[in-house]
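> Got a predicted model here, sequence first, then my questions.
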Amino acid sequence: MEHTKTRGTAVAAVLACAAAVLLTGCRGDDGTVTPPAPTGSASAASPVSSASPAPSASAASPSSATPVETACDDTALEAGPARQAAQRPQGTGTGAAIVGFTNTSGSACTVQGFPTVAGAANGSPELNVPLTVENSGTSAPVTVAPGGRVWVKLTFHQVQGEGDGYCASGEAPVQYPTMVLGLPGGAGRHQVALEDGLFAECDGVVTVTALSAAQPS
């Protein structure tokens with residue numbers, strides 16, 4: 001009878017422990033308290049950090065795109081008349097001439113390099129005679145604003161003497177009504193005449209400066 005009562009007491013203790021385990025844990029016979037098993041969800045057991053949305057690439061940094069420079073095409077630049085340069089070789093021929101090209105388009109464009117030069121026989125470009133070009137200096141990109149100009153200087157082997165003159169090399173001087181300048185980068189071929197007179201040169205050789213925003217003298 002005592003054994004049955006003891007077992008009933010033990011069973012009651014177990015049930016009581018099971019009922020309370022979810023809240024407080026259960027104390028054993030040796031006085032140790034068993035903690036209750038976790039019953040909450042993972043989100044309840046530990047707070048979830050709310051991550052801020054990553055900024056988009058456009059919001060994170062300003063645009064680093066740079067404007068694209070457009071090369072001058074064969075319709076952008078218009079050649080003005082050539083004029084005899086103040087600084088030129090001594091003699092009676094042309095010596096040196098300066099030519100300006102105006103940007104007649106509605107937007108800026110860029111040109112760089114040295115032009116080709118040909119004498120136009122009888123003023124006809126189809127009958128031109130290419131001259132040997134010797135480049136002077138180094139070239140750099142030149143951005144020409146609408147209405148702006150870019151310049152080049154042509155220096156010829158000078159004619160000497162009066163009348164028809166002569167060349168120091170012994171060759172005969174040559175005269176051309178116009179010159180045809182071919183600009184680099186597809187900027188076109190331009191026929192130019194001197195403001196006064198004809199182009200007179202020797203040896204078919206011309207020294208050419210690079211296209212520049214600064215007007216030569």
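Great, that's in hand. Numbers count the residues shown, from 1 in each chain.
> C-alpha only now, for contacts and for neighbours.
Fine.
> longest strand anywhere in the protein?
Taking DSSP state E as the criterion, the chain has its longest strand at strand 199-209.
> CA atoms only: put stretch 165-179 into CSV for me.
Taking C-alpha atoms only, stretch 165-179 is exported to CSV below (Å, rounded to 0.1, in the frame of the first residue of the first chain):
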residue,chain,number,x,y,z
GLY,A,165,62.2,85.7,-110.6
TYR,A,166,64.3,82.6,-109.9
CYS,A,167,64.8,79.9,-107.3
ALA,A,168,68.0,79.5,-105.3
SER,A,169,67.9,75.8,-106.3
GLY,A,170,68.1,76.7,-110.0
GLU,A,171,64.5,75.5,-110.6
ALA,A,172,62.0,77.8,-112.2
PRO,A,173,59.4,79.5,-110.0
VAL,A,174,55.8,78.3,-110.2
GLN,A,175,52.6,80.3,-109.7
TYR,A,176,49.2,79.0,-108.7
PRO,A,177,45.9,81.0,-108.6
THR,A,178,44.8,78.9,-105.6
MET,A,179,45.9,76.2,-103.2
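> so what strands line up beside the longest strand of the chain?
Note on strand 199-209: by DSSP bridges, its sheet partners are strand 132-136 (parallel), strand 149-157 (antiparallel), strand 174-176 (antiparallel).
> residues making contact with the last one?
Put plainly, it is strand 174-176. 119-123, 198-202 (CA atoms under 8 Å, 6 or more residues apart in numbering).
> what do you get if the cut-off is 6 Å, keeping everything else the same?
By CA atoms under 6 Å, 6 or more residues apart in numbering, the residues outside strand 174-176 that reach it are 119, 121, 198-201.
> Also the second one?
The set of residues that contact strand 149-157 without belonging to it, under CA under 6 Å, 6+ apart, is 95-102, 201-202, 206-209, 211-213, 215.
> Report the mean confidence score over it.
For strand 149-157, mean pLDDT rounds to 98.
> tell me which residues of it are tucked away?
Applying a neighbour-count criterion of 16 or more other CA atoms under 10 Å, one finds 149-157 buried in strand 149-157.
> ok, I98 to Q191 distance?
13 Å (CA to CA, to the nearest Å).
> before we move on, back to that, let me have the strands paired with strand 199-209 in TSV, extended by distance to P89.
Shown next, in TSV, are the strands paired with strand 199-209 (distance: least, CA to CA, whole Å):
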stretch	distance to P89
strand 132-136	15
strand 149-157	8
strand 174-176	17
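> right, so of the ones you listed, which gets closest to A71?
A71 lies closest to strand 149-157 among these, at 13.4 Å (CA to CA).
> Restrict that closest one to CA atoms and write it as CSV.
Provided in CSV are the C-alpha atoms of strand 149-157 (Å, rounded to 0.1, in the frame of the first residue of the first chain):
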residue,chain,number,x,y,z
ARG,A,149,38.5,79.7,-86.0
VAL,A,150,41.4,77.4,-86.4
TRP,A,151,44.6,78.5,-88.2
VAL,A,152,47.5,77.2,-90.2
LYS,A,153,50.6,78.8,-91.7
LEU,A,154,52.2,77.8,-95.0
THR,A,155,55.9,78.8,-95.6
PHE,A,156,57.2,78.3,-99.2
HIS,A,157,60.6,78.2,-100.7
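> Using ChimeraX, define a selection of the buried residues within the contacts of strand 149-157.
To isolate the buried ones among the contacts of strand 149-157 in ChimeraX, judged by 16+ other CA under 10 Å, type:
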select :95,96,97,98,99,100,101,102,201,202,206,207,208,209,211,212,213
